[in-house]
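A.B. asks: below are the sequence and a predicted model for it; my questions follow.
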Amino acid sequence: MYKYFISLLLVLACVNVYAQQADETQKDTIVYKTNYGLRLGVDISKPIRGMLQSDYKGFEFVGDYRISKKWYIASEIGFEEKTTQEDFTNSTAKGNYIRLGVNYNSYKNWLDMNNEIYLGFRYGFATFEQTLNSYEINTGNPVFDSQTITTPITTTGLNAHWTEIMVGIKAEVYNNIFVGISGSYKIMVSVQDPPNFKTHFAPGFNRVYASNTGFGFNYTISYLIPFSKK
């Protein structure tokens, strides 16, 4: 009797183990799909900066398109106008720019989440004009004061090319609505200067330092237009 009872327990135990393994296999085969599509938005840091700084105006539209689980094609397009005051000069640069590149999402999402911690690369191009609003001429004679010239001189048709590396975060705060923050390190490839003057600011690049490097920052709100789920 005990023999049959023990045999029954062994059979039940084997059936239970098999059922658990089958259940786990079934769970493992469940695929959680996420949205693929075009995400469009704006950088809200630029209009905020414009309200806080009287010498700045700007706006930027952002977008990306998901091409795989980890990779996105990304772009930013915008306009900036910035007046720069130096020791002896006052100048204004204004124009349009575009940045094109890719983002790689290194964050492993849970279930059907769609957040990002990404590393990005961009190529940037800007066309702009530079106006020398005023400048001082040093006479070299301590008896006479420096002469200030206030007749504006505008040079059009200038351009700039650069590359940049970005690090950023995007979080889905509501269904298909994302907020993001990113920072970038920029390296100027080439920039045109007006005659006898140095370009201090290039739209899309920000301040142009002597080292031909710069930094950028944005804070975005965007909406994903889903085309499919994968």
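C.D. replies: That came through fine.

A.B. asks: spatially central, which residue of this structure would that be?
C.D. replies: residue 182 (5.4 Å; CA atoms, centre = their mean).

A.B. asks: quick check: bridge partners of that one?
C.D. replies: residue 168, residue 218 (DSSP bridges).

A.B. asks: and for residue 228?
C.D. replies: Assigned bridge partners for residue 228, using DSSP bridges, are residue 36.

A.B. asks: need the contact list for it.
C.D. replies: 35, 36, 37 (CB atoms under 8 Å, 6 or more residues apart in numbering). In this view, the C-beta of every residue, glycine as well, is placed from N, C-alpha and C.

A.B. asks: of the residues you listed, closest to residue 172?
C.D. replies: Of all the contacts of residue 228, residue 172 sits closest to residue 35, with 9.4 Å by CB to CB.

A.B. asks: burial check on the closest one, number of neighbours?
C.D. replies: 18 (other CB atoms under 10 Å).

A.B. asks: quick one, what contacts it?
C.D. replies: So residue 35 contacts 114, 176, 224, 226, 228, 229 (CB under 8 Å, 6+ apart).

A.B. asks: what about the first one, how many neighbours?
C.D. replies: A total of 20 residues lie near residue 114 under the criterion other CB under 10 Å.

A.B. asks: surely it is in a strand?
C.D. replies: No - counting by DSSP: H, G, I helix; E, B strand; the rest coil, residue 114 is not part of a strand but coil.

A.B. asks: let me know the closest of the contacts of residue 228 to residue 155.
C.D. replies: residue 37 (42.2 Å).

A.B. asks: for that closest one, give its distance to residue 114.
C.D. replies: To residue 114, residue 37 is 11 Å away according to CB to CB, to the nearest Å.

A.B. asks: mutual contacts of these two, please.
C.D. replies: In contact with both residue 37 and residue 114: residue 224, using CB under 8 Å, 6+ apart.

A.B. asks: let me know the closest of the contacts of residue 35 to residue 170.
C.D. replies: residue 114 (8.6 Å).

A.B. asks: how about the strands in the chain?
C.D. replies: Under the criterion DSSP state E, the chain contains strands at 35-43, 56-66, 71-85, 89-105, 116-137, 147-149, 153-174, 177-191, 201-202, 206-207, 213-229.

A.B. asks: the closest residue to residue 73 other than its chain neighbours - how many residues pack around it?
C.D. replies: Using CB to CB, 6 or more residues apart in numbering and skipping the chain neighbours, the partner closest in space to residue 73 is residue 65 (4.9 Å). Applying other CB under 10 Å, we find 16 residues neighbouring residue 65.

A.B. asks: OK, contacts around residue 65?
C.D. replies: Contacts for residue 65 (CB under 8 Å, 6+ apart) come out as 37, 38, 39, 72, 73, 74.

A.B. asks: just the buried residues of those residues.
C.D. replies: By neighbour count, with 16 or more other CB atoms under 10 Å, those hold 37, 39, 72, 74 as buried.

A.B. asks: tell me the contacts of the third one?
C.D. replies: The contact partners of residue 72, taken as CB under 8 Å, 6+ apart, are 64, 65, 66, 102, 103, 104, 105, 118.

A.B. asks: what do you get for the second one?
C.D. replies: For residue 39, the residues meeting the contact criterion (CB under 8 Å, 6+ apart) are 63, 64, 65, 66, 178, 222, 223, 224, 225.
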